[in-house]
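Asker: pasting the structure only:
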């Protein structure tokens, strides 16, 4: 061994200035998709034009829109409108509000989305989970039966707040918040909600007059079985027939995707057939309850109904914020999924702004919370929609319905709506996905089940919080207990790899090479210190007579370090020195190196203790070791 | 180029069974210090003996205890007792309880700690921050002046709950929770508390009769200046003299550490001199208020005073849990700091159990919350203590005080106590550390200031929560926005390093090498996808004509991956394929590889797309590229 110097020099350049680092961090955190890259080097008028196009996507796609595209959108729009009518009425019932509001909500919001939205496949509408959640939160403070007017005002206020929250999140580029609703949480939440809503439909299916206000499985089942004397066979029979029909059409769609329209118009068929039946048999005489009066006319203004006084704002505030996030998570996840199929981009932050505008304006025009529901969007996609125009077509259909056909829907039997909701819900319980989670990742499975069980047995917000809480605990555990591993050299190479993964490595006597991962900072600093000392202890006790002379810490996987982390490294060095072991650092990354320089750590341990590769560090240290031993022996002699 | 196969084979062994992984994870999370390693291979009797020694450290150190060690501990014990008397009385005043309880609290808990504690330097006693915090929480529900008996009962209950929480945390090995109180939080919290407590002492210094119950800087200052007509010059003069004396002795200690005892007995001197002065000048006649009656006798039992009924349990529960954590954080941090100086180990989880027992038994014997205060422990250490015996000596001194001397301390002037507290507090505001934080890490500085300002201007628990919340947000941001960087080959080597850090690297045309860090999972999956696509876009737009043929993802720094992460990688691959770019993975670690195998990811992308080193991946791909081009050209011809 002849050389003592490593070939490659470590970069000890002084840290970048704080301002520059901060700017880069903010950019990475809030603008990971770099939305301004298109403006680089453009003149001002072009920039303005680009900016308007960026924020109002209709200017982007409408100029290139052609009649041939419209044919597709027309078909898709009519199909989703036929789904929107029964769904609008059903979900309004879930939220305990007048059915007509459900229809209003499929008229104005789709028009707004067509202007600001940037997903081509998303179909706007109300969703079951949010409808139930909003009702659950508001019912705690005001009863929808005792004071329907105040309840309605709170619904609009909650919608307005949702819109404001969504818009703000979009402008603040906080799409990152939605990232924390993991896929496992969503699967569990959907499953739990679907279970709960399905069971609630037993009320309509059995024609019960009395029911519970509680929204958990146990209370709902109790209410169903306690009122056995109210059970009626007529709605039960009709309900089962309708449900079987709907499930059959879903089955047909699954077998033959080209027959998607069968399943898409099935709810409308159920509503029409049910309405005709109720009309012909003189409603209510056989225990078949119907929707009741639906006034003709378009959305009245509801601006003046919003209330913001101290006494009434709290419940809508809470409901608004939670539903805003859930609606965003659902809408964005769905928009993104379909975009991926067509290999297109959906900008999450822009979508948030579009959803926000949609709900703010919705709350002014007697609509309640809307987003992009999965069922409707899937139908829209299958019907071959080409652009946001399909939402416009749906809105026009709804306009016609509101102006002309609304009173006809008064005869819709409640049992038909229950069957429609139940059928939709049964499709949302994703058994296969849950089983997949169980097989592949037990912790993800727990996160999913926390949402499922929490929603079904406690309440929707508790379930969500439990699940998100678990996911956060996991995220924190990832950083609190980062994987460390012992490396050994692979045969015939300069590669050092984890001995647990590659057990055929060879050990360099006297050296202990450890790889640290994740950031080193306050939450894991103690752990890392303990863990390093344990590796050293294990190493020394494993083979008697084995002396560790150098501990080499491979920092390539350490993304960042804080002050506590730096202090911990110093402490490790002190502890090692007490055992007469030297500490060597290998390959600290840019951010870590800057912190080490700034805290004078490098000055303390000396630049000669930092190397660029494990191999080079070992070579240099062995040379030193040899020299010192030779010198030692000479002195001895 | 002749070889197409890399030399080193990637390990595709099937994943380890779930049970084994879970066991390893639990061990790393809860037993990072591997406390059972000493039991390996021992017989049962030895194991039991070791176990008892492990849980009750007095069996470990007492058998080897010698008289020569006792001499040191005797001196140290007497010194800390002289500090314990004035501090006990002062901090009891902070908690709005009878001064004698402060003395009780320095008798029983130190004895318990001597049996179960495992730090040799820790001195047990009450602390200012927790005394104030416990008072602040309980005053919200019961007034210490209107119903002192109920208030006292709640204090004992809160102490009991703290003890239970600490014991539980210890047995559940949840020392990890305390890790989340970062050093920055503690510095800010101490600073804010010290500022607040110092200002509160103006009451005693100015001899005010009326004061505020609020504990924030603004209200305290208001109370001081609103009652200007009550200001008295006598206590102010005495207070300033005492404070100057105390600060001077601290200065002496700083200059000559061997004179530590001057500063240690200074508070006792102040109390004795002040008491004599008050006794001689007939107390209260010159506006000098005194402590008042102190009954002779040792701790009465307080077991029957604990209350657990629904109405009264909430406030003590909250206070108990919060103070348990703060007391643990302070005590453990301090024990650990001094152990480091002597190169000894302190086991956090065992310490928690010791603290827990100390407070549970304390709550049965009229003591309130105790931990290891910084000031007392530092004095103990400086006085040369050698073992937990110094706490026993202190307890014996307190016993004598309680039995004989207690009534003498009735003449202690309040202004003397205020001076003692103020002087202790001024030493806790660590300006230099705060400045260091500002210089080195702005985010740590914000975390610190959140605690400082929150505690001083809002309330102690709000301040703590804000600071811990910020620290958690940072921890989550670390994982939500992991650093990714572009690698290039260093000259004359096979090392690939970040081009921002080592700009002299050379690019291999057609290859884009990216290093991913941190776990890949739901919270950062979207970001990572966007970021990779942006790197590709930037690469293609930077040099016109440059075509990226391969994207190589270096996964060596990725500690773990969840299902969303795996799906994201698949999505990245789909996106890249659409651009006709191939994706190659390099060096996935054990846990990541297992997840990739289990989700069938490896089967989907093919084993030939995974390599062990960047260099080998590039070599193999270049060979393929060349071959395919040659074949393509031949076909063309």
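Answerer: All right, it came through fine. Small disclaimer: the values here were computed from a predicted structure and weren't measured.

Asker: Only the buried residues of stretch A:58-75, if you could.
Answerer: For stretch A:58-75, a neighbour-count test (16 or more other CB atoms under 10 Å in any protein chain shown) marks A:58, A:61, A:70, A:72-75 as buried. C-beta here means a position set from N, CA and C on the backbone, and glycine is covered the same way.

Asker: residues making contact with it?
Answerer: Identification of contacts with stretch A:58-75 by CB atoms under 8 Å, 6 or more residues apart in numbering or on different chains yields A:52-53, A:114-116, A:120, A:383-390, A:392-393.

Asker: Tell me which entries of these lie within helices.
Answerer: The helices, defined by DSSP state H, take in A:52-53, A:114-116, A:389-390, A:392-393 from the contacts of stretch A:58-75.

Asker: any chance of the buried residues of stretch A:58-75 in TSV, plus secondary structure and pLDDT?
Answerer: Formatted as TSV, the buried residues of stretch A:58-75 follow (DSSP: H, G, I helix; E, B strand; the rest coil; pLDDT from 0 to 100):
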residue	secondary structure	pLDDT
A:58	helix	89
A:61	helix	87
A:70	helix	91
A:72	helix	86
A:73	helix	90
A:74	helix	90
A:75	helix	84
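
Asker: Out of these, which comes closest to residue B:435?
Answerer: For these, the minimum distance to residue B:435 (CB to CB) is 53.9 Å, reached by residue A:58.

Asker: So which residue is dead centre in chain A?
Answerer: Central residue of chain A (CA atoms, centre = their mean): residue A:181, 3.6 Å from the mean position.

Asker: dump the residue contacts of it.
Answerer: By CB under 8 Å, 6+ apart, the residues touching residue A:181 are A:325-326, A:329, A:468.

Asker: now do residue A:497
Answerer: Residue A:497 is in contact with A:487-488, A:490, A:505, B:587, B:612, counting by CB under 8 Å, 6+ apart.

Asker: host element of it?
Answerer: Under the criterion of DSSP states H and E, residue A:497 resides in strand A:496-498.

Asker: Run the chain-centre distance for that strand.
Answerer: Relative to its chain's centre, strand A:496-498 lies at 36 Å (CA atoms, centre = their mean, to the nearest Å).

Asker: Check which helices and strands the helix or strand that comes right after that strand sits against.
Answerer: With elements assigned by DSSP H and E, the helix or strand that comes after strand A:496-498 is strand A:511-517. Packing contacts for strand A:511-517, counted by 3 or more CB pairs under 8 Å, 6 or more residues apart in numbering or on different chains; DSSP states H and E, involve strand A:484-489, strand A:496-498, helix A:522-542, strand A:550-557, helix A:614-636.

Asker: Turn these into TSV, columns for mean pLDDT.
Answerer: TSV is the format used below for those (pLDDT from 0 to 100):
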stretch	mean pLDDT
strand A:484-489	88
strand A:496-498	88
helix A:522-542	82
strand A:550-557	90
helix A:614-636	74
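
Asker: Out of these, which gets nearest to residue B:107?
Answerer: Among the helices and strands packed on strand A:511-517, helix A:522-542 sits nearest to residue B:107 (CB to CB), with 32.3 Å.

Asker: Neighbours of the nearest residue to residue A:105 once chain neighbours are set aside, how many?
Answerer: Closest residue in space to residue A:105, ignoring its immediate chain neighbours: residue A:367 at 4.0 Å, by CB to CB, 6 or more residues apart in numbering or on different chains. Residues lying near residue A:367 (other CB atoms under 10 Å in any protein chain shown) number 27.

Asker: before we move on, what about residue A:233?
Answerer: Number of residues near residue A:233 (other CB under 10 Å) recorded here: 11.

Asker: Which strands or helices does the longest helix anywhere in chain A pack on?
Answerer: Criterion DSSP H: the longest helix present in chain A is helix A:310-341. Contacts defined by 3+ CB pairs under 8 Å, 6+ apart place helix A:310-341 against helix A:128-139, helix A:148-171, helix A:175-179, helix A:183-200, helix A:348-364, helix A:374-382, helix A:460-480.

Asker: Pull out the buried positions in that helix.
Answerer: A:312-313, A:315-320, A:322-336, A:338-339.

Asker: ok, now stretch A:355-368?
Answerer: For stretch A:355-368, a neighbour-count test (16+ other CB under 10 Å) marks A:355-368 as buried.

Asker: Please apply the same query to stretch A:134-149.
Answerer: Using 16+ other CB under 10 Å as the test for burial, stretch A:134-149 gives A:134-139, A:141-142, A:144.

Asker: Disregarding flanking residues, what is the spatial nearest neighbour of the residue in the stretch 151-300 of chain A that chain B sits nearest to?
Answerer: Chain B sits closest to residue A:182 of the stretch 151-300 of chain A, with a gap of 3.4 Å, by CB to the nearest CB. Spatial nearest neighbour of residue A:182, chain neighbours left out: residue B:522 (3.4 Å); criterion: CB to CB, 6+ apart.

Asker: Report the contact partners of the one you found.
Answerer: A:179-180, A:182-184, A:471, B:562, B:564-565.

Asker: What subset of the residues you listed is buried?
Answerer: For the contacts of residue B:522, buried by 16+ other CB under 10 Å: A:179-180, A:182-184, A:471, B:562, B:564-565.

Asker: show me where pLDDT drops low in chain A?
Answerer: For chain A, the stretches flagged by pLDDT under 70 are A:1-7, A:32-42, A:175-178, A:282-287, A:333, A:336-345, A:542-545, A:629-637.

Asker: what domains does the record give for it?
Answerer: A:59-476, A:481-636 (automatic domain parsing).

Asker: Let me know which of the ones you listed is tucked in deepest.
Answerer: Neighbour counts (mean count of other CB atoms under 10 Å in any protein chain shown) averaged over each of the domains of chain A peak at domain A:59-476, with a mean of 20.

Asker: what's the span of it from first residue to last?
Answerer: End-to-end distance of domain A:59-476 (CA to CA, to the nearest Å): 43 Å.

Asker: and what of stretch A:128-147?
Answerer: Span of stretch A:128-147 from end to end, CA to CA: 23 Å.

Asker: same check, this time on stretch A:407-415
Answerer: End-to-end distance for stretch A:407-415, by CA to CA: 18 Å.

Asker: Could you do stretch A:398-418 as well?
Answerer: 22 Å.

Asker: So what's the gap between it and the chain middle?
Answerer: The chain centre lies 34 Å from the centre of stretch A:398-418; the measure is CA atoms, centre = their mean.

Asker: can you check stretch A:256-264 too?
Answerer: On CA atoms, centre = their mean, the centre of stretch A:256-264 falls 29 Å from that of its chain.

Asker: ditto for stretch A:249-264
Answerer: 28 Å.

Asker: That one: end-to-end distance?
Answerer: The first-to-last residue distance of stretch A:249-264 comes to 9 Å (CA to CA).

Asker: hmm, who's touching it?
Answerer: Here stretch A:249-264 has contacts from A:79-80, A:82-83, A:246, A:266, A:379, A:382-383, A:423, A:427, using CB under 8 Å, 6+ apart.

Asker: Would you format the residues you listed as JSON lines with secondary structure included?
Answerer: Output for these, formatted as JSON lines (DSSP: H, G, I helix; E, B strand; the rest coil):
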{"residue": "A:79", "secondary structure": "helix"}
{"residue": "A:80", "secondary structure": "helix"}
{"residue": "A:82", "secondary structure": "helix"}
{"residue": "A:83", "secondary structure": "helix"}
{"residue": "A:246", "secondary structure": "helix"}
{"residue": "A:266", "secondary structure": "helix"}
{"residue": "A:379", "secondary structure": "helix"}
{"residue": "A:382", "secondary structure": "helix"}
{"residue": "A:383", "secondary structure": "coil"}
{"residue": "A:423", "secondary structure": "helix"}
{"residue": "A:427", "secondary structure": "coil"}
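
Asker: wait, what's in contact with the nearest residue to residue A:320 once chain neighbours are set aside?
Answerer: In space, and not counting its chain neighbours, residue A:320 is closest to residue A:161: 2.9 Å by CB to CB, 6+ apart. Counting by CB under 8 Å, 6+ apart, residue A:161 makes contact with A:316-317, A:319-321, A:324.
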